[in-house]
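In: model this:
(2 chains)
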Amino acid sequence: MKKFNRLMVFFGTVLLFCGSSIGFVAYSSDDPNILIFSSTHTPESYQKTNSGVIKLEIVSFEPIQKVTVNGNKQELPIDRQLKFEIPYQLSDPPNNSTNFVVEAATDSGKAQKAFSVTFGAKPRPKKTPFLLIGIVGLTHNDNVNSVSSDLTKEAATKLVLTVVPIYTIPLAADQDLVIKGVVLREKYSDTDYEGKEVSYTQAAAQWIQKKTSFGELSADAGINDIRLKNANPLVGETETSKEVFVGGALKQKLADKSTWNVGLKYKIKDTIAEALNPNYDSDAAELKLSGGYTTTLADIKTKLKGSYTINDAKGLYMDSTAYSTSVKGSQPIDKWTPSLQAKTTTKTMAEADPLKENLIPYTTTNTLTAKLAYKLFPKSVIALELKMKNATSNVDASVFDQNLAILSFTQIY
Amino acid sequence: MKFNIQMPAILLLLIFILCSSPDLEASTQPIGTLQLEKGIIRIRQSGVDTMHSEQGKILPVYNGDEFQTGLITFVRIKLNGSGDDIELSSQTFFRLSNISAEGQELSMPVGKATFNVKKPRIKGRKRRFRIKTANALINIKGSIVRAASLDGVTGVFTLSGSATLESLDEPEVVVEINVGQASQASVGETPDDAFVVPPEVIKTIMDPDNQDSLTVVIFGIELDVKIEKPAEVLETLDTTLDELEKEIDDAIDAAADAKIKLIIKNP
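Out: Residues are numbered from 1 along each chain as shown, chains lettered A, B, ... in the order given. The predicted model follows:
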């Protein structure tokens, strides 16, 4: 009797497994051999118009006997490959989403897939709104006083700390308000050069409209505070200049992934030091037109930049115009990014200056920069930069050669 | 009477021309072979469906053939002439749309496959190897490429050589994908910029039996987070540093100006 009972349990268990197995094969709730897909919609789609057509395809190992969409039977031939489409109309928010639950059944199984379509913009992926960039740089300058070669050059080393906090507030799907700051502090190893230490602080707001028919539009406004002599590491001791600026820019992506941009910036500069002679008053309004073009030439990312600046100062001898052009090529190779940049800037004063032999002073500065950056971690970059600067001018005191070596470490938080 | 004699002659001539037409000849000639390495496959040839599950079975394939693979299936298609090799993974629907000496036009509305394209040129003539998915067009140039397509998302990973990806909706933006890089395009959007794929993700992408990676396309929902974040951060970093470089240059120029002004005040 006991043996009989054991046998019954054994056969019962086997039957249970067989039964469930047979049941699975005979009528799977999700047959892997029925593929339902759409060429027009992802499982979660967003669209700007309130109507459309969802194109659907079903392929199966066995003839598809029945297709329903949201429970409604579709009049389709019995075949292993089916193509059909369903036109739809969407409502305004809040009921702006419609689901399409497509179900296909064959003699041995069925499969189901849901597509959700929403009238409206796709929610943007959550990004960290706060970004903090820190750059620590060690700069060796072989001609810290920018003197001409016939005078004795003095070399100096300084530590430069730059902190850039950026906070992005999304205003709409393609619109952001960016609040940012730039804090730059220099510290020379030799206290003799304390007076040359720059303390630069910027607070700015930028409005960005990402997708317009012209490309990306932005407008910004902010203030700059420039001081010298960083005896106190937080802020420079000698107040030098305050600036207020507004600007706008347009950036456009072209078909071949190259981009071009153009920007205009208007700046009012208030120099703290008052000139004894009003003709040398450097308070000014500055207008800067800049443009750039980025493309890839023979696998080298190439950036061409240019700018034209008009400085309209209160003092007669402080008016000037400047133009600048630069070309930069860089090519990332694994984690390394070597780059080379050539830049030339020419600044011409508007009037002949009696303090400078009655000449109309001009200075042309040519800079050649070679940089090698290495991505230590996804958010960390270490770089070595060699910069050669050569300034020529019709004023002897403005002629100089300068070589800089900069080792920097950048970290993004 | 003359008419009656001419008619059969014209008909015969027409039949002869049609039969000797290279297109007709091409459609009746096998263009390669298919080998079922494991699993099950449905083949539709000239509207007729056949199922095959014999491991190692080799079958001829023709222009216009359609294939649907089952679960845990691996199929290899070798194309004559070019020597190109296609490996179909599980749950894939694939079509040999137009195979000719000028190039290969394939279609993969859903599924995953690896394409080993031998040479972009044969006898000095440039040829194309294109795969049309539900929403994108992949162009392969003498390389090994893994591609996946599902629900309006197409992913491409280049194992050797290079490939390009463009959206069918916005074909003006073409993204080049070089060795070790990947990109994906969604319906109505231009493809993402190509990004370097970490080695641990490459293993998942190349696994033909990985059902998860099929469900979520090759850079699935979870992998998406892992891959896209660093790329996004690096892009942000590059752009921000570039803008910052300009700001710092401006700051240094402003500071230099300020120094000159101080000198003027205190000569």
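
In: name the SS class of the residue in the stretch 51-200 of chain B positioned nearest to chain A, please.
Out: Residue nearest to chain A within the stretch 51-200 of chain B: residue B:134 (3.8 Å; Cβ to the nearest Cβ). Where C-beta positions appear, they are placed from N, C-alpha and C, glycine not excepted. The three-state label given to residue B:134 by DSSP: H, G, I helix; E, B strand; the rest coil is coil.

In: what is the neighbour count of it?
Out: Neighbourhood size, residue B:134 [other Cβ atoms under 10 Å in any protein chain shown]: 24.

In: with residue A:408 instead?
Out: For residue A:408, the neighbour count with other Cβ under 10 Å is 18.

In: swap in the one 4 residues further on?
Out: By the other Cβ under 10 Å criterion, the neighbourhood of residue A:412 contains 20 residues.

In: please name the nearest non-neighbouring residue to it.
Out: Spatial nearest neighbour of residue A:412, excluding adjacent residues (Cβ to Cβ, 6 or more residues apart in numbering or on different chains): residue A:379 at 4.2 Å.

In: any idea how far residue A:106 is from the one you found?
Out: 51 Å (Cβ to Cβ, to the nearest Å).

In: so between those two, which is more surrounded?
Out: Neighbours were counted for residue A:379 and for residue A:106 using other Cβ under 10 Å; residue A:106 has more, 21 against 16.

In: please report how far the more buried one lies from chain B.
Out: 12 Å (Cβ to the nearest Cβ, to the nearest Å).

In: three-state assignment of the closest residue to that residue other than its chain neighbours?
Out: The shortest distance from residue A:106 to any non-neighbouring residue, by Cβ to Cβ, 6+ apart, is to residue A:62 (4.0 Å). With three-state DSSP as the basis, residue A:62 sits in strand.

In: show me what contacts residue A:62?
Out: Residue A:62 makes contact with A:33, A:80, A:106-109, according to Cβ atoms under 8 Å, 6 or more residues apart in numbering or on different chains.

In: now do 7 Å
Out: Neighbour list for residue A:62: A:80, A:106-108 [criterion: Cβ atoms under 7 Å, 6 or more residues apart in numbering or on different chains].

In: of the residues you listed - the most surrounded one?
Out: For these, the largest number of neighbours (other Cβ under 10 Å) sits with residue A:106, at 21 neighbours.

In: and residue B:54, which of the three is it?
Out: Following three-state DSSP, residue B:54 is assigned to coil.

In: next up, phi/psi of it, please.
Out: Taking degrees, to the nearest 10, you get phi -80, psi 120 for the backbone angles of residue B:54.

In: what's the local residue count around it?
Out: Neighbour count of residue B:54, defined by other Cβ under 10 Å: 9.

In: just confirm residue A:195 is within a helix.
Out: Yes. Counting by three-state DSSP, residue A:195 is located in a helix.

In: look up phi and psi at residue A:95.
Out: Torsion angles, degrees, to the nearest 10, at residue A:95: phi -90, psi 50.

In: residues touching it, list them.
Out: Counting by Cβ under 7 Å, 6+ apart, residue A:95 has no contacts.

In: any buried residues in the helix or strand hosting residue B:34, and which?
Out: Using DSSP states H and E, residue B:34 sits within strand B:32-38. Within strand B:32-38, the residues that qualify as buried are B:32, B:34, B:36, counting by 16 or more other Cβ atoms under 10 Å in any protein chain shown.

In: any idea how far residue B:37 is from the nearest residue to the last one once chain neighbours are set aside?
Out: The shortest distance from residue B:36 to any non-neighbouring residue, by Cβ to Cβ, 6+ apart, is to residue B:57 (5.0 Å). Distance check for residue B:57 against residue B:37: by Cβ to Cβ, it reads 10 Å.

In: reformat the contacts of residue A:62 as TSV; add distance to residue A:170 and secondary structure.
Out: Formatted as TSV, the contacts of residue A:62 follow (distance: Cβ to Cβ, whole Å; DSSP: H, G, I helix; E, B strand; the rest coil):
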residue	distance to residue A:170	secondary structure
A:80	47	strand
A:106	47	coil
A:107	51	coil
A:108	50	coil
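
In: where does confidence bottom out across the residues you listed?
Out: Across the contacts of residue A:62, the smallest pLDDT goes to residue A:108, namely 85.

In: distance check, it against residue A:229.
Out: Distance from residue A:108 to residue A:229, by Cβ to Cβ: 85 Å.

In: chain A contacts on the stretch 51-200 of chain B?
Out: Proximity of the stretch 51-200 of chain B to chain A, by Cβ under 7 Å from any Cβ of the partner chain, involves residues B:51, B:68, B:70-71, B:91, B:93, B:109-110, B:134-135, B:150-153, B:172-173, B:186-187.

In: low-confidence ranges, the stretch 151-267 of chain B, go.
Out: Scanning the stretch 151-267 of chain B for pLDDT under 70 picks out B:200, B:204, B:207-267.
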